[in-house]
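# here's a sequence, model it:
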Amino acid sequence: MKKLIYLIACAFILIFHQANAQEVSYFGEKITESGAIEATKLSEKMKDKKTMEAKVTGTIVEVCKKKGCWMTVDIGNNQKMRVTFKDYAFFVPKDANGQKVVIEGVAQKEVTDVATLKHYAEDAGKSKEEIEKINKPKEELTFEAKGVIIKKK
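A predicted model of the protein is given here:
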């Protein structure tokens, strides 16, 4: 009888654990979540620096629809940070929108030219009209990730 109760308890624990478990996927270099800061705090942390090594956590807003070769992460105030992958060595799933992410690499403040902005808009599946409206460079915070963790629930 004790064995039966023990087996039932183990089964409940296993079912509960599986229901609450997060699926975690790694891309690029294997990194950990330890020491990651919120993406909304990155700009503040960088202050006047043009580049900074960082580990950041946030939410994926959009992924390149063609290959998963870039993604954007919410950095607050209705802004997104474009994340590319070091040496174009890995991609992320194209259906990762809305998932939690940890990225490690180099953040940088840069100006993205019109041609590149149009290319990104095309990769994102934007309409021809939306792409044609892009007519000036954009100052933005970007990130080159050497490793990525995507957490699904």
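# so what's the residue nearest to E122 when sequence neighbours are not counted up against?
Excluding the flanking residues, the one nearest E122 by Cβ to Cβ, 6 or more residues apart in numbering is I131, at 6.1 Å. C-beta coordinates here come from the backbone N, C-alpha and C atoms, glycine included. Each residue near I131 by Cβ atoms under 8 Å, 6 or more residues apart in numbering is listed here: K118, A121, E122.
# which residues of this structure fall in helices?
2-20, 42-46, 114-123, 128-132 (DSSP state H).
# and the strands in the chain?
Using DSSP state E, the strands of the chain run over 23-28, 37-38, 51-63, 70-76, 79-85, 100-112, 138-152.
# most packed of those?
With neighbours taken as mean count of other Cβ atoms under 10 Å, the strands of the chain reach their highest mean count in strand 70-76, at a mean of 22.
# list the strands paired with that one, with their directions.
Sheet pairing of strand 70-76 (DSSP bridges) gives strand 51-63 (antiparallel), strand 79-85 (antiparallel).
# still on that earlier bit, need the strands of the chain in a markdown table (columns: mean pLDDT).
A markdown table is the format used below for those (pLDDT from 0 to 100):
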| stretch | mean pLDDT |
| --- | --- |
| strand 23-28 | 96 |
| strand 37-38 | 96 |
| strand 51-63 | 96 |
| strand 70-76 | 95 |
| strand 79-85 | 95 |
| strand 100-112 | 95 |
| strand 138-152 | 94 |
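# now these as CSV including distance to K126?
Converted to CSV, the strands of the chain look like this (distance: least, Cβ to Cβ, whole Å):
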stretch, distance to K126
strand 23-28, 25
strand 37-38, 28
strand 51-63, 10
strand 70-76, 13
strand 79-85, 14
strand 100-112, 15
strand 138-152, 14
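# of all the ones you listed, which one is nearest K45?
Taking Cβ to Cβ, strand 37-38 is the member of the strands of the chain nearest to K45, at 6.3 Å.
# so what's C64 up against?
Contacts of C64 by Cβ under 8 Å, 6+ apart are W70, M71, F91, K94, D123, A124.
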